[in-house]
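Engineer: fold the following, please.
(one chain, ligands or ions: 4)
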Amino acid sequence: GHLLHVISPLSHTPALSGNYPVLRKLALELRTAIAEHQLELYYQPKISLQSRQITGFEALIRWNHPIRGLVGPMDFIPAAEASGVIIQLGEWVIREACRQAARWQQAEFPFKRLAINISLIQFEQSNLMDILESSISETGVHPERIELEITESVMQSSERTIEVLHRLRAMGFYVTIDDFGTGYSSLSYLKRMPIDAIKMDKIFISDLGSQKDADIAVSIISLAKSLQIRLIAEGVETPEQITFLHKYLCEEVQGYLISRPLRADEMERAYDSICQW
Ligand code: C2E
Ligand code: CA
Ligand code: CA
Ligand code: CA
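Structural biologist: Ligands and ions are numbered 1, 2, ... in the order given. You can find the predicted model right below:
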């Protein structure tokens, strides 16, 4: 609805949050949404172009709003961040994703990792480790099966970022830099980042027909190779894009061409057909 759009420009002004009635109202609604189980995680597969197998999934949040129907994250995550509700919401996401990963692990459903999006605000939260640790121990999922997607903007922050990333990896989690190419990370900084993978932003994939974007995509692929880290291309929608990525040796892809994000049970049913893309 328009209510949500009206407040999205506030997403970068958290200081205002307490004063804004609209933001307050949405924050309250989101608290209700958590309590009344209106939130749901959808799962989108990532596949390997070499093995042609599903390597893992990304958990993407949806809001089954009682009046507005299915609401996508772009319409409430910015407001959740501005109001601070992202802390509770993010905790719900971590616990729910770990529960699902544990179920799939137990059922021997074939996947390597389940990726969770972590907002910068959550990343800066002091008890993120505790939440992750308790989610792991409560559900029994192995931390190696959990991938944390953190946007490139974390790169701008401090020495603390590097330390937190080291600790997350020491706990066994996979760490991936999301939306790579849209931030301002310098090469020297990237070299020092303790990360397992980078995810090339979909803006570079959508226009591979343009020489400029094709050049950028190729240089991101070779950057990942020289740093010896995994690379995932997101937003793959056409066979031509797959051909391009395959040619330039990008190993892993995700996008509507392979599968849209699906509910957990839908994903279980679609698994075999997804592998035959
Ligand atoms: P993101 O992490 O970059 O996620 C990728 C987005 O691209 C998702 O949108 C996904 O559905 C969409 N997508 C996947 N394949 C394609 C494709 O082939 N073409 C195009 N055009 N789009 C594709 P979605 O689900 O609407 O999520 C939007 C953003 O909301 C995410 O961007 C992420 O930043 C945020 N988000 C989603 N779930 C969570 C969550 O649980 N926690 C947090 N903190 N943020 C979340
Ligand atoms: Ca992501
Ligand atoms: Ca992304
Ligand atoms: Ca994004």
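
Engineer: only C-alpha atoms from now on, for both contacts and neighbour counts.
Structural biologist: Will do.

Engineer: do the longest helix seen in the chain and ligand 1 meet?
Structural biologist: Using DSSP state H to define each element, the chain has its longest helix at helix 86-106. Yes: using Cα under 6 Å from any ligand atom as the criterion, contacts between helix 86-106 and ligand 1 involve G90, V93.

Engineer: identify the bridge partners of G69.
Structural biologist: The bridge-partner assignment for G69, based on DSSP bridges, gives H65.

Engineer: quick check: it vs ligand 3, distance?
Structural biologist: When distances are taken as Cα to the ion, to the nearest Å, G69 and ligand 3 turn out to be 24 Å apart.

Engineer: and the helix or strand containing R160, what's its mean pLDDT?
Structural biologist: Secondary structure assigned from DSSP states H and E places R160 in helix 159-170. Mean pLDDT, helix 159-170: 92.

Engineer: who are the packing partners of it?
Structural biologist: strand 174-180 (3 or more Cα pairs under 8 Å, 6 or more residues apart in numbering; DSSP states H and E).

Engineer: how far does the next helix or strand along the chain from the strand it packs on sit from its chain's centre?
Structural biologist: As assigned by DSSP H and E, the chain's next helix or strand after strand 174-180 is helix 187-192. Between the mean C-alpha location of helix 187-192 and the chain-wide mean there is a distance of 21 Å, by Cα atoms, centre = their mean, to the nearest Å.

Engineer: now do stretch 93-111
Structural biologist: Computed by Cα atoms, centre = their mean, the chain-centroid distance of stretch 93-111 equals 16 Å.

Engineer: if you average pLDDT over that stretch, what comes out?
Structural biologist: The predicted confidence, averaged over stretch 93-111, sits at 97.

Engineer: residues of it that come out buried?
Structural biologist: The neighbour-count check on stretch 93-111 (16 or more other Cα atoms under 10 Å) flags 93-102, 104-105, 111 as buried.

Engineer: quick one: mean pLDDT over stretch 55-62.
Structural biologist: Taken as a whole, stretch 55-62 has an average pLDDT of 98.

Engineer: and for stretch 214-227?
Structural biologist: Averaging the model's pLDDT scores along stretch 214-227 yields 92.

Engineer: tell me which residues of it are tucked away?
Structural biologist: Of the residues in stretch 214-227, those buried under the neighbour-count criterion (16+ other Cα under 10 Å) are A214, A217, V218, I220, I221, S222, A224.

Engineer: so how far is that stretch off the chain centroid?
Structural biologist: Distance of stretch 214-227 from the chain centroid (Cα atoms, centre = their mean) equals 21 Å.

Engineer: okay, and the beta partners of the residue most central in space within the chain?
Structural biologist: By Cα atoms, centre = their mean, the mean C-alpha position of the chain lies nearest to N117, the distance being 3.4 Å. Counting by DSSP bridges, N117 forms beta bridges with E149.

Engineer: shift numbering so it begins at 445
Structural biologist: Taking 445 as the first residue, the last one we looked at is N561.

Engineer: give me every residue in the stretch 445-594 of the chain lying close to ligand 1.
Structural biologist: Contact residues of the stretch 445-594 of the chain with respect to ligand 1, defined by Cα under 6 Å from any ligand atom, are listed as L504, I505, G516, P517, M518, G534, V537, N561, I562, S563.

Engineer: the same query, at a cut-off of 8 Å, please.
Structural biologist: 485-486, 488, 503-506, 516-518, 521, 530, 533-534, 537-538, 560-564, 566, 593 (Cα under 8 Å from any ligand atom).

Engineer: coming back round to it: now distance to ligand 1 too, for the buried residues of stretch 658-671, in a markdown table please.
Structural biologist: As requested, the buried residues of stretch 658-671 are arranged in a markdown table below (distance: Cα to the nearest ligand atom, whole Å):
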| residue | distance to ligand 1 |
| --- | --- |
| A658 | 17 |
| A661 | 16 |
| V662 | 19 |
| I664 | 17 |
| I665 | 18 |
| S666 | 21 |
| A668 | 18 |
